[in-house]
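S.K.: Sequence unavailable; structure follows:
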């Protein structure tokens, strides 16, 4: 009888300890949120950065090295890294695989016309460009259009050692032990309301998961857009729940995950 009570008590202690551990897995918090912006467009500088900075939130900006905004406002992009935002790699020219449904892909930047060497060289050249801007060597990548292959060859596998993490485009969230750093899932924003965006964050809290959010247009600048009000509502919600949610750039979260998974 006493033995059964001891065993039962130990089991309850282990379960309680396990639950406590899962509730503070993310750097002492219940969940993690990474805010990302793709393509390096003016609206990120004009509309996203002022809100982020006013709230004291840090995000990851996946930079297309030869974007129009980069060509005209290089110093502005450099300055956001000084303020604690991450400059991530989003290739030099944003090539994607063309074809039906992707008629907007220009032939010069259609991955079907690329060699594996070309995409590797352009991606690594973008790393050098970004290093010249922020002085950093360790970096994360976001696949353009989620594409990871040229023909039968996975160029993502060949880039794995160049990056701490690489972000894909599948709309999924995972607990810390299930995150795949070579293809981190994310939720792409395309017209969602502020309530819909905050619902994603609430789901991450309930499941002790990582939520990565992908913005393109912010109040314009891209057909994949979020309104200024919805964008602000979402960021304000995150700020209000900082005690429960770890909000950090992808590089910081990826380094933490890598260390955790390596234990």
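M.R.: Okay, I see it. No experiment lies behind these values; they were computed from the predicted model shown.

S.K.: quick one: residue 141 is in a strand?
M.R.: Yes: under DSSP: H, G, I helix; E, B strand; the rest coil, residue 141 sits within a strand.

S.K.: ok, now which ones touch it?
M.R.: By Cβ atoms under 8 Å, 6 or more residues apart in numbering, the contact list for residue 141 reads 62, 88, 89, 90, 123, 159, 162, 163, 165, 166, 167. C-beta: built from backbone N, CA, C; applies to glycine.

S.K.: of those, closest to residue 70?
M.R.: Of all those, residue 70 sits closest to residue 90, with 10.4 Å by Cβ to Cβ.

S.K.: So the closest one sits against residue 144, correct?
M.R.: Yes: in this structure residue 90 lies within contact range of residue 144 using Cβ atoms under 8 Å: 6.4 Å.

S.K.: pLDDT weak spots in the stretch 101-250 of the chain?
M.R.: Scanning the stretch 101-250 of the chain for pLDDT under 70 picks out no residues.

S.K.: quick one, phi psi at the closest residue to residue 154 other than its chain neighbours?
M.R.: Excluding its sequence neighbours, the residue lying closest to residue 154 (Cβ to Cβ, 6 or more residues apart in numbering) is residue 148, at 5.9 Å. The phi/psi pair for residue 148 (degrees, to the nearest 10) reads phi -130, psi 0.

S.K.: Who are the packing partners of whichever strand in the chain runs longest?
M.R.: Longest strand of the chain, by residue count under DSSP state E: strand 31-38. Contacts defined by 3 or more Cβ pairs under 8 Å, 6 or more residues apart in numbering; DSSP states H and E place strand 31-38 against strand 60-63, helix 194-207, strand 210-215, helix 228-240, strand 245-247, helix 250-261.

S.K.: ranking those by burial, who's on top?
M.R.: Highest mean neighbour count of the helices and strands packed on strand 31-38: strand 60-63, a mean of 27 (counted as mean count of other Cβ atoms under 10 Å).
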